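J.: Please find the sequence and the predicted model below.
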Amino acid sequence: MNYNNKTNGMKAAVLTEYNKVEWLDVKKPTCKPGEVLIEVTYGCICGSDQHIHKGEFHPRTKTPMIMGHEFGGLVVEVANGVEGWAVGDKVAPDPIIWCGKCPACLKGHYPACTSLKLIGIDSDGGFAQFISLPPSMLYKVPANIPDEHVALVEVLSIGCHAKNRANVKEGDTIVIWGSGKVGLCILEAVRTVTDNTVFMVDILESRLAIGPKYYKNVIAINASKENPVERIKAETEGKGVDIAFEAVGHAHDIDGLINPVRGCIQSVCGGGTVCVLGLGNEPAPIVFKELIWKEAKIVSSRVSHGEFAEAIEHLKNGRFKPEALISQILHGSQTQRGFEILDENPAENIKILLDFRSDGMN
Ligand SMILES: NC(=O)c1ccc[n+]([C@@H]2O[C@H](COP(=O)([O-])OP(=O)(O)OC[C@H]3O[C@@H](n4cnc5c(N)ncnc54)[C@H](O)[C@@H]3O)[C@@H](O)[C@H]2O)c1
Ligand SMILES: [Zn+2]
Ligand SMILES: [Zn+2]
């Protein structure tokens, strides 16, 4: 990729050095053989992008690069011989590339691929006006789903995958520890299955306000003000919830309060399930007796495995409330500002969308 090419055009948000995204003229990709050329409509900044931006994924990521693994677009060109796609189709690209050869892939357990790669992390991504991709990475999106919501399909698919890994069933009671980007997507996903009580645990009131604002029967618990396990027990006649999701990502004690994974274990009922998603590096102290006495199980959930289709279906049938996730929309040229806003004010921002449509504003 030529990252500074004024003649052959498109604009892209290029991470030219860590902590610095510039809106540059770059070479517009051609529609490669066997691929379709996509005009990107909206992208979405992910927590991983924030780490990449700061250089924390180095040397897996290098500069200059075009980030962006959460985005949607419109097909503008289809290579000869590519079936099933037409100019004007709305599309959500699944950024994950599995190797297909490692032991996990051979078992069909693709999210555990030992050399799993993502466009926008391991290669140039979608924070640009155009990208050429193979149809195997693409999901078709009904025309009536707004472009802004197409950019959320990737993160919503993570919520769907977690819901499926935990095997959430109708009538299940739930706790979601962490009411951030991932926790709220899990809320969206579990609400497609169960109308029963969902407890959302966090330490920020602004984030705790979102779940009950958009969904009925959501009880927000501020872990820095009350003991979530005691509250959950009190609200469930001492039983606990059927399923607990951990979507915090660290095991720090807050004023001596319980760490999230242990809190999840203590919150589930006998035979319950704890599903962990947080990717913190430090060990999370747990007492196995608390798990074993309940014959509860812990499952983990990584990225998604085909849940793009499910996420698109729920957007289509109105079962998701994507507006709950969108904090603000900036133009693609303001991508650097988007990262600064997320650093300056994480409490008030869930998803920042970036508008890459090439109709005049660049
Ligand atoms: N497994 C996966 O597929 C997957 C995918 C994406 C992200 N992740 C990981 O999930 C975790 C959450 O990601 P995110 O993007 O939602 O982050 P986020 O920062 O948006 O959300 C985390 C939330 O946890 C809250 N929190 C912090 N400490 C807490 C505590 N002690 N108790 C209760 N709440 C607390 C924060 O206030 C915040 O609202 C991260 O570790 C991330 O790396 C996992
Ligand atoms: Zn992401
Ligand atoms: Zn593999």
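T.: Nice, I can see it. Numbering: from 1, shown residues only. Ligands and ions are numbered 1, 2, ... in the order given.

J.: Quick check: nearest residue in space to the residue positioned nearest the centre of the chain, chain neighbours excluded?
T.: In the chain, the residue lying closest to the centroid (Cα atoms, centre = their mean) is residue 155, at 2.6 Å. Of all residues not flanking residue 155 in the chain, residue 185 sits nearest, at 5.3 Å (Cβ to Cβ, 6 or more residues apart in numbering). Using the backbone N, CA and C atoms, a C-beta is placed for each residue, glycine as well.

J.: and the helix or strand harbouring the residue nearest to the centre of the chain with ligand 1, contact?
T.: Using DSSP states H and E, residue 155 maps to helix 153-165. Yes: applying Cβ under 6 Å from any ligand atom, one finds helix 153-165 in contact with ligand 1 at residue 158.

J.: which is the next helix or strand following the helix or strand residue 139 falls within?
T.: For residue 139, the host element (DSSP H and E) is strand 138-141. On the C-terminal side of strand 138-141, the closest following helix or strand by DSSP H and E is helix 147-150.

J.: Now the strand holding residue 139: buried residues?
T.: 138-141 (16 or more other Cβ atoms under 10 Å).

J.: which helices and strands sit right next to that strand?
T.: Applying 3 or more Cβ pairs under 8 Å, 6 or more residues apart in numbering; DSSP states H and E, we find strand 138-141 packed against strand 90-93, helix 308-316.

J.: which bits of the stretch 251-362 of the chain sit near ligand 1?
T.: Within the stretch 251-362 of the chain, the positions near ligand 1 by Cβ under 6 Å from any ligand atom are 254, 260, 277-280, 301-303.

J.: Could you do the stretch 1-150 of the chain as well?
T.: Close to ligand 1, as judged by Cβ under 6 Å from any ligand atom, the stretch 1-150 of the chain has residues residue 47.

J.: which non-adjacent residue is nearest the residue in the stretch 1-150 of the chain that ligand 1 sits nearest to?
T.: Proximity of the stretch 1-150 of the chain to ligand 1 (Cβ to the nearest ligand atom) peaks at residue 47, 3.6 Å away. Distances taken as Cβ to Cβ, 6+ apart put residue 181 closest to residue 47, at 6.3 Å, once the chain neighbours are dropped.

J.: now do residue 205
T.: residue 222 (6.5 Å).

J.: mind listing what that neighbour touches?
T.: By Cβ atoms under 8 Å, 6 or more residues apart in numbering, the residues touching residue 222 are 202-203, 205, 208.

J.: Sort out which of those are in helices and list them.
T.: Counting by DSSP state H, the part of those found in helices is 205, 208.

J.: what's the neighbour count on the closest residue to ligand 1 within the stretch 51-200 of the chain?
T.: Closest contact between the stretch 51-200 of the chain and ligand 1, by Cβ to the nearest ligand atom, is at residue 180 (1.8 Å). Using other Cβ atoms under 10 Å, residue 180 is surrounded by 20 other residues.

J.: same question, residue 262
T.: When neighbours are counted by other Cβ under 10 Å, residue 262 comes out with 19.

J.: now do residue 284
T.: The number of residues near residue 284, taken as other Cβ under 10 Å, comes to 18.

J.: That one in helix, strand or coil?
T.: coil (DSSP: H, G, I helix; E, B strand; the rest coil).

J.: Ok, residue 334 next?
T.: Under three-state DSSP, the three-state class of residue 334 is helix.

J.: Could I get the contacting residues of it?
T.: Counted by Cβ under 8 Å, 6+ apart, residue 334 has contacts residue 354.

J.: hang on, residue 257 packs against residue 227?
T.: Yes: using Cβ atoms under 8 Å, residue 257 is in contact with residue 227, at 7.2 Å.

J.: before we move on, which element is the closest residue to residue 45 other than its chain neighbours in?
T.: With sequence-adjacent residues excluded and distances taken as Cβ to Cβ, 6+ apart, residue 45 is closest to residue 352, at 4.9 Å. Element membership for residue 352 (DSSP H and E) is strand 351-355.

J.: What are the contacting residues of that strand?
T.: With contact meaning Cβ under 8 Å, 6+ apart, strand 351-355 is reached by 13, 41-45, 127, 148, 151-152, 155, 181, 325-332, 334-335, 338, 341-342, 361.

J.: Equivalent analysis for stretch 297-310, please.
T.: Counting by Cβ under 8 Å, 6+ apart, 92, 94, 96, 110-112, 116, 139, 153-154, 157-158, 160-162, 164-166, 265, 273-277, 291 sit against stretch 297-310.

J.: cool, and stretch 75-91?
T.: Outside stretch 75-91, the residues touching it (Cβ under 8 Å, 6+ apart) are 31-39, 72-74, 130, 135, 138-143, 145, 147, 150.

J.: List the buried residues for it?
T.: 75, 77-79, 82, 85, 89-91.

J.: Could you do stretch 153-167 as well?
T.: 153-166.

J.: Sketch out the helices for the protein, chain order is fine.
T.: Using DSSP H, helices in the chain cover 47-53, 103-106, 147-150, 153-165, 181-190, 205-208, 210-214, 228-235, 260-267, 288-292, 308-316, 335-344.

J.: what's the closest of those to residue 172?
T.: helix 181-190 (7.6 Å; Cβ to Cβ).

J.: Next, the angle from that closest one to helix 153-165.
T.: Relative orientation of helix 181-190 versus helix 153-165 (axes from the mean of the first three to the mean of the last three Cα atoms, to 10 degrees): 60 degrees.

J.: Show me what helix 181-190 is packed up against.
T.: helix 153-165, strand 174-177, strand 198-202, helix 210-214, strand 241-246.
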